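Undergrad: Mind folding the following:
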Amino acid sequence: MKKGKKEFRNKLFIKDLENITGIKAHTIRIWEQRYKIFEPHRTDTGIRYYDEQQLRLILNISILNNNGFKISKIAEMSLEEIHIKCQEFSENKSQYNGQIQSLIGIMMLFDEKEFNKILSINILKIGLEETMLQLVFPLLEQIGLLWLSGSIHPAHEHFISNLVRQRLFVAIDGLVVSPTSESKKFLVFVPTGESHDLSILFANFILRSRGHQVIYLGSQMPFEDLFDIFEMHQPEFIFSIITSLTSSISVQTFINIMAKQWKETEILLSGNQVVNKKDLKIPSNFTILNNPMMLLSFLDDIKDNSKYKYSIKNFSQKLNPFLQN
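TA: Numbering: from 1, shown residues only. From the prediction side, this is the model:
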């Protein structure tokens with residue numbers, strides 16, 4: 001069984017290509033048969049399959065085609081010419097969908113140098129914050145869908161997440177921002193059993209870059225330690241994200257414990273297991289942030305209302321249109 005699974009992971013069938021690229025199988029076959037751009041491998045029983053190099057080529061062809069190149073013209077290009085043209089689009093255009101496709105191909109090959117290059121170009125052009133919002137988070141969302149469909153290995157997601165995590169650590173270390181009278185104090189963590197910390201790390205960067213004080217506890221934080229730290233530092237806000245909680249404590253239990261312990265504290269929660277569960281009972285001092293943009297809106301609202309005590313209820317009413325979309 002294990003051997004068969006490994007062989008499957010090394011072979012990409014046409015359904016995998018559909019899932020990863022969004023290109024219909026019919027179109028891929030036309031590119032193969034009519035234009036002879038690439039030739040699939042075949043199993044012993046004659047079933048088409050593709051390798052990761054061919055996947056990257058198909059993604060590159062799609063990028064050029066979506067940017068005005070006819071397939072007949074692409075078919076006349078060498079592999080090197082196709083690669084160079086795609087690099088130009090990644091570097092010179094702000095079409096993030098095309099860049100996401102490029103990064104998926106890069107991910108499949110575990111090409112660290114090329115990934116860092118595209119990331120660096122975007123950070124220089126639009127800054128780290130916009131790069132995360134416009135490129136990295138949509139990429140991770142796409143990767144999650146590919147993982148669910150069985151088209152990629154968890155190692156691909158870990159590869160991308162670790163490269164982004166390195167950038168965030170460097171950016172946070174380089175921040176030089178002094179707290180002001182308008183600064184708030186945030187306790188930031190993810191609970192024991194939660195393995196995803198990239199979003200909370202980005203939140204740490206966002207909060208610090210706006211001059212707020214952050215007690216960043218990272219991941220796998222036991223409740224008993226949280227209670228002691230809260231008593232020592234008395235933060236005005238608690239912020240946590242639940243994406244894939246695997247502990248024996250349910251999401252609702254996690255919420256109930258925090259609600260009982262910190263009745264007067266404003267608590268912000270985000271993550272798939274919070275946003276996508278409609279049956280959760282949310283206490284009045286909690287706000288659910290559906291996406292990173294809502295965190296930015298929340299911080300803007302704090303700034304606008306810095307002269308009087310902030311109201312979670314008012315914030316929820318203000319963002320009601322976002323919650324309905």
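Undergrad: Quick one: residues contacting Ile23.
TA: 17, 58, 62 (CB atoms under 8 Å, 6 or more residues apart in numbering). In this view, the C-beta of every residue, glycine as well, is placed from N, C-alpha and C.
Undergrad: And the helices in the stretch 51-200 of the chain?
TA: Counting by DSSP state H, counting those that start in this stretch, one finds helices in the stretch 51-200 of the chain at the ranges 52-66, 71-75, 79-92, 96-108, 112-131, 137-148, 154-173, 198-209.
Undergrad: follow-up on the earlier one: would you list the contacts of Ile23 in a markdown table and tack on distance to Ile118 and pLDDT?
TA: Below are those laid out as a markdown table (distance: CB to CB, whole Å; pLDDT from 0 to 100):
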| residue | distance to Ile118 | pLDDT |
| --- | --- | --- |
| Leu17 | 22 | 83 |
| Ile58 | 18 | 86 |
| Ser62 | 16 | 81 |
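Undergrad: Using PyMOL, define a selection of the buried residues within those.
TA: Applying 16 or more other CB atoms under 10 Å to those, the buried members can be selected in PyMOL as follows:
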select buried, resi 17+58+62
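Undergrad: quick check, nearest of the contacts of Ile23 to His41?
TA: Using CB to CB, Leu17 comes nearest to His41 of the contacts of Ile23, at 12.7 Å.
Undergrad: Tell me how far the closest one lies from Trp31.
TA: 11 Å (CB to CB, to the nearest Å).
Undergrad: and what of Leu119?
TA: Distance, Leu119 to Trp31, by CB to CB: 29 Å.
Undergrad: Ser195 now?
TA: In terms of CB to CB, Ser195 sits 39 Å off from Trp31.
Undergrad: Between these two, which is the more surrounded one?
TA: A direct count of neighbours by other CB atoms under 10 Å for Ser195 and Trp31 places Trp31 higher, at 20 against 11.
Undergrad: In terms of helices and strands, where is that one?
TA: In this assignment (DSSP states H and E), Trp31 forms part of helix 25-33.
Undergrad: Does the next helix or strand after that helix pack against any helices or strands, and if so which?
TA: Using DSSP H and E, the helix or strand that follows helix 25-33 in sequence is strand 41-42. For strand 41-42, the packing partners by 3 or more CB pairs under 8 Å, 6 or more residues apart in numbering; DSSP states H and E come out as strand 48-49.
Undergrad: Tell me the neighbouring strands of the strand it packs on, and mark each as parallel or antiparallel.
TA: strand 41-42 (antiparallel) (DSSP bridges).
Undergrad: Ile28: how many residues sit nearby?
TA: Using other CB under 10 Å, Ile28 is surrounded by 22 other residues.
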